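Chemist: Structure here, sequence nowhere to be found:
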């Protein structure tokens, strides 16, 4: 019951006018970037990171938490009404969602998605309350070997398991690792890859890398695609935005099953929410085939409910993994970790004891944020869809403006502005050839941890490589990793045989 | 700095290649069929580079690996006795860079990614991957210009120019209106962030704030 009283204190800390204001702002921004295809919560946090530098840490973090969940509420809106999912996490829910919209049931599809996101997020966050402190407590015994295993797990999971092509994912990972090594070596003090430039002694600023890769790269990419056919017909959504009792009953089991898929995927860091959303979709589809009147293909409410709940449940427990282990599993989680570090807070096993008040206030804000998001999304989803009418040129010009501002405001160095342009072009090249961006961010953020823990482990054991697999925890992690890789390989071979999705 | 150099140079090489293959300024009119049903996709690649421009990615990795090797050789380490010193991790990353570059290159050469032409709503065939290099150039140029102008002329003017440049790159022709919108947004940001939040921005020629 310790967790509950801490959570109560957390609610007391968050329920101030200022913090509630930032929760709402975060929810608004998150939903907006979720709705707009091409923008994402990771980009939003990257662009806001330099601006919020002067804010109170709690205010900034609750805002980022709102953005984190908000992106997953908004992304289904564009998918359902336009069949262009705002993010990859919304693809699975869009198949049936868009069919529902075309059949004149757009409000019901939107409501199913919003309630699903709310349920999945709330259940997962509740689990975080009870299990994250225990997870953190267990992780306090971690030595360098365990941390190295965790970092390797996150690297392989995001680059090889989640990415479409393992090679492309690893390429992205390498770019991130190389960027992370520039600067003064923390162990020996040696200058690495600075070539005598004092501007590089502190390394490449995380703000420069993330803004360049996520925002500048996207702006250049959108420019390079300009002139292509671009289908933007909105299906109008009118009428009662709520579900009837029968519809609610119909969707409820799918919501719960989706949540069940999502929860474990956030805890075992297998990266991102795409996999569980597709698993949930596939399950609902298989179950549907056994019914007397199969609904899939004609706008099945369960085809929306399952994936939406799965996506937010994954994000909820991924937040737990981030707080308790310091382990980011998606681009947005990596950005949140960067935000924590900006305020001198290090997520990980010691977080709950060192920054207990902050963490519990943050967790409390997640619950408030979910309620705010449900209110914002349930009746107003068609209004949010109006954002899709913003002319592209003004949207991306504003992003460019914010990117330039953020980078200069964060470092006040012109060299960083040019570095931003160069990395932006690199980000564009990566988008152009389908190289995933999330592994870059995770490598930049976890690279230093991976390197220092590897060096500690090896130097402590007189360079005995067996030290890396000498404890039960490390062995478990590597076995899990191997299982995840095998699972992916088998799944890909199967997908090649039957193009069923 | 690695990404800076490699990304840029390879980007330009790519630019030239595609540019020579097809008129790059207006992909719609250049490759679209004005009338008639969608034709069969062109089966013979225009030249050896078709579908293989993705080799830019292994090239970036090779450049990155060379950069790491150069940096490792150049590194001054006081006591170079430990195996796992400051050079160990970069060496591992460099080795994997070359390995992944080789594997990626082989995979691209074996399965060139020849784009499937997309058919738009009017039945026009649009080439799958051609990029609009005019728009790309204007957009990148706007960012570079911002870097060059920020200190001499200040935030408001250079930021307005970035905004304007990107809108022009994305095809807007309301030049004066866009410039005014850019100026307004830049001024608001200067007021809010420099004025209220105390972040520093170069005032430049409007050196009053």
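Modeler: Arrived safely, thanks for sending. None of these values were measured; they are calculated from a predicted model.

Chemist: What residues of stretch A:192-212 count as buried?
Modeler: Within stretch A:192-212, the residues scored as buried using 16 or more other Cβ atoms under 10 Å in any protein chain shown are A:192-194, A:200, A:203-212. Yep, even glycine has a C-beta here, placed from its N, CA and C like the rest.

Chemist: State the distance from residue A:291 to residue A:478.
Modeler: 42 Å (Cβ to Cβ, to the nearest Å).

Chemist: if you count what's nearby, which of these two comes out ahead?
Modeler: Set side by side, residue A:291 and residue A:478 show more neighbours around residue A:478, with 16 against 11, by other Cβ atoms under 10 Å in any protein chain shown.

Chemist: residues in contact with the more buried one?
Modeler: Taking Cβ atoms under 8 Å, 6 or more residues apart in numbering or on different chains, we find residue A:478 in contact with A:149, A:152, A:469.

Chemist: let's see it at 10 Å
Modeler: Listed by Cβ atoms under 10 Å, 6 or more residues apart in numbering or on different chains, the contact partners of residue A:478 are A:149, A:152, A:153, A:156, A:468, A:469.

Chemist: Could you check the pLDDT of it?
Modeler: As predicted, residue A:478 sits at a pLDDT of 91.

Chemist: so where do the helices sit in the stretch 301-450 of chain A?
Modeler: Remark: helices assigned in the stretch 301-450 of chain A by DSSP state H, counting those that start in this stretch are A:301-325, A:331-342, A:351-354, A:356-377, A:381-385, A:392-411, A:414-432, A:438-460.

Chemist: quick one, which of the ones you listed is packed in tightest?
Modeler: Among the helices of the stretch 301-450 of chain A, helix A:301-325 has the highest mean neighbour count (mean count of other Cβ atoms under 10 Å in any protein chain shown), at a mean of 31.

Chemist: Check chain A for its longest helix and report it.
Modeler: Scanning chain A for the longest helix, with DSSP state H as the assignment, gives helix A:106-139.

Chemist: chain center to that helix, what's the gap?
Modeler: In terms of Cα atoms, centre = their mean, to the nearest Å, the centre of helix A:106-139 is set 14 Å apart from its chain centre.

Chemist: So what's the residue count around residue 188?
Modeler: Because you didn't say which chain, this covers chain A. 18.

Chemist: meant chain B actually
Modeler: Counted with other Cβ under 10 Å, residue B:188 comes out at 10.

Chemist: helix or strand for residue 96, which one?
Modeler: No chain was given, so I picked chain A. Here residue A:96 sits within helix A:91-100, counting by DSSP states H and E.

Chemist: switch to chain B, that's the one I care about
Modeler: Using DSSP H and E, residue B:96 sits within helix B:88-110.

Chemist: buried residues in that helix?
Modeler: Residues B:88-90, B:93-94, B:96-98, B:100-101, B:103-105, B:108 are the ones in helix B:88-110 that count as buried (16+ other Cβ under 10 Å).

Chemist: Make TSV out of those and add pLDDT and distance to chain A.
Modeler: TSV is the format used below for these (pLDDT from 0 to 100; distance: Cβ to the nearest Cβ, whole Å):
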residue	pLDDT	distance to chain A
B:88	89	7
B:89	92	4
B:90	93	6
B:93	95	5
B:94	96	8
B:96	96	6
B:97	96	5
B:98	96	10
B:100	95	5
B:101	95	8
B:103	93	6
B:104	92	5
B:105	93	10
B:108	88	9
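
Chemist: Could you dump those residues into JSON lines with distance to residue A:119 added?
Modeler: JSON lines is the format used below for the buried residues of helix B:88-110 (distance: Cβ to Cβ, whole Å):
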{"residue": "B:88", "distance to residue A:119": "48"}
{"residue": "B:89", "distance to residue A:119": "43"}
{"residue": "B:90", "distance to residue A:119": "47"}
{"residue": "B:93", "distance to residue A:119": "42"}
{"residue": "B:94", "distance to residue A:119": "47"}
{"residue": "B:96", "distance to residue A:119": "42"}
{"residue": "B:97", "distance to residue A:119": "44"}
{"residue": "B:98", "distance to residue A:119": "48"}
{"residue": "B:100", "distance to residue A:119": "41"}
{"residue": "B:101", "distance to residue A:119": "45"}
{"residue": "B:103", "distance to residue A:119": "43"}
{"residue": "B:104", "distance to residue A:119": "42"}
{"residue": "B:105", "distance to residue A:119": "47"}
{"residue": "B:108", "distance to residue A:119": "44"}
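
Chemist: And residue A:144, how close does it get to residue B:173?
Modeler: 59 Å.

Chemist: Spatially nearest residue to residue B:156 (excluding sequence neighbours)?
Modeler: residue B:186 (4.7 Å; Cβ to Cβ, 6 or more residues apart in numbering or on different chains).

Chemist: quick one: pLDDT of that neighbour?
Modeler: For residue B:186, the predicted pLDDT is 92.

Chemist: List the contacts of it.
Modeler: With contact set as Cβ under 10 Å, 6+ apart, residue B:186 has these partners: A:401, A:404-405, B:154-163, B:201, B:206.

Chemist: at 7 Å what do you get?
Modeler: Residues touching residue B:186, when contacts are defined by Cβ atoms under 7 Å, 6 or more residues apart in numbering or on different chains, comprise A:401, B:155, B:156, B:159, B:160.

Chemist: Now for the residues you listed: which two are most distant?
Modeler: A:401 and B:156 (11.2 Å; Cβ to Cβ).

Chemist: So which residues on the stretch 351-500 of chain A come close to chain B?
Modeler: Contact residues (Cβ under 7 Å from any Cβ of the partner chain) of the stretch 351-500 of chain A with chain B: A:392-394, A:396-398, A:400-401, A:404-405, A:408-409, A:412, A:414, A:417-419, A:421-426, A:429, A:433, A:435, A:451, A:454-455, A:458-459, A:463.

Chemist: Helix or strand next in line after the longest helix of chain A, which one?
Modeler: That would be, after helix A:106-139 and using DSSP H and E, helix A:144-156.

Chemist: Does chain B have contacts with the helix or strand that that next one is followed by?
Modeler: Once the chain leaves helix A:144-156, the next helix or strand it forms, by DSSP H and E, is helix A:166-181. Yes - using Cβ under 7 Å from any Cβ, we find that helix A:166-181 touches chain B at A:167, A:170, A:171, A:174, A:175, A:177, A:178, A:179, A:181.

Chemist: Contacts for helix A:166-181, please.
Modeler: A:155, A:159-160, A:163, A:192-193, A:204, A:209, A:430, A:434-437, A:439-444, A:447-448, B:2-3, B:57, B:61, B:64, B:68, B:89-90, B:93, B:96-97, B:100, B:103-104, B:107.
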